[in-house]
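curious how this folds, go ahead:
(one chain, ligands or ions: 2)
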Amino acid sequence: MKERLKEFAKIIKDLYLKGWLPATSGNFSLKVDDKSFFITSSGKHKGKISPKDFVLVDMEGNLLAGEGKPSAETLLHAVIYKCIPSASCVMHVHSPNSTVISRIVKDSKIYLQGYELLKAFEGIDTHEAELILPIFENSQDMPKLAKKVEEELRSASGLAGFLLRSHGVYVWGKDIHTALMKLEALDFILECELKLAIISGGMQ
Ligand SMILES: CSCCC(=O)C(=O)COP(=O)(O)O
Ligand SMILES: [Zn+2]
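Ligands and ions are numbered 1, 2, ... in the order given. Here you go, the predicted model:
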């Protein structure tokens, strides 16, 4: 696991350099088994992250091992692992594209269709498929927000990830590289949607 956390830390630093993790924002986790996962400690600068900046928690977000406080958003990672058994890695970033689009779209869902890069998502083999991206209202009440996310994840299958309004984006994957691929694809598609909105003068 030390080697995987080292590899993970390197990827997080690359995401920081893209400008997706300003001011200590974002959090990242790796599932160990059905009972526990590693997650970044709260408040860590993601441009300087290392394996010692992860703590081990249980599926209720309680600290099991490591130094520091688990991320403030640990419960959101926990519900993703509980609802999506195939997920082994969760990434949350504050990319400008995901944050801006969540403020422009007033609806609680964004429907993405027509992009070749949709094929980065499991089960999609054509640009004609439709991918749904829910938007949850941001909240500092994590148990309440986690409950809303859990309800949505249990009722809908094949989601791209989700947005927190004016906050950022969550994606997950069966491993680090799948989660990264989905994150890059989703951000690319959201950037295209934003550019189209600028050209056409509005969204949805
Ligand atoms: C200054 S970032 C605000 C909190 C946040 O949204 C985030 O992603 C980082 O929180 P954490 O507790 O994981 O550091
Ligand atoms: Zn955040």
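
flag every residue of the chain that's near ligand 1.
23-27, 40, 42-43, 71-73, 92 (CB under 6 Å from any ligand atom). C-beta: built from backbone N, CA, C; applies to glycine.

okay if I get the residues you listed as JSON lines plus distance to residue 168, secondary structure and pLDDT?
As requested, these are exported to JSON lines (distance: CB to CB, whole Å; DSSP: H, G, I helix; E, B strand; the rest coil; pLDDT from 0 to 100):
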{"residue": "23", "distance to residue 168": "12", "secondary structure": "helix", "pLDDT": "98"}
{"residue": "24", "distance to residue 168": "13", "secondary structure": "helix", "pLDDT": "98"}
{"residue": "25", "distance to residue 168": "7", "secondary structure": "coil", "pLDDT": "98"}
{"residue": "26", "distance to residue 168": "7", "secondary structure": "coil", "pLDDT": "98"}
{"residue": "27", "distance to residue 168": "10", "secondary structure": "strand", "pLDDT": "98"}
{"residue": "40", "distance to residue 168": "14", "secondary structure": "strand", "pLDDT": "98"}
{"residue": "42", "distance to residue 168": "15", "secondary structure": "coil", "pLDDT": "98"}
{"residue": "43", "distance to residue 168": "16", "secondary structure": "coil", "pLDDT": "98"}
{"residue": "71", "distance to residue 168": "13", "secondary structure": "coil", "pLDDT": "98"}
{"residue": "72", "distance to residue 168": "13", "secondary structure": "coil", "pLDDT": "98"}
{"residue": "73", "distance to residue 168": "10", "secondary structure": "coil", "pLDDT": "98"}
{"residue": "92", "distance to residue 168": "6", "secondary structure": "strand", "pLDDT": "98"}
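
check contacts around residue 72.
27, 42, 142 (CB atoms under 8 Å, 6 or more residues apart in numbering).

for the second one, which non-adjacent residue is spatially closest?
Same thing as residue 42. residue 69 (4.6 Å; CB to CB, 6 or more residues apart in numbering).

what about that neighbour, how many neighbours?
Using other CB atoms under 10 Å, residue 69 is surrounded by 12 other residues.

likewise residue 103?
By other CB under 10 Å, the residues close to residue 103 number 12.
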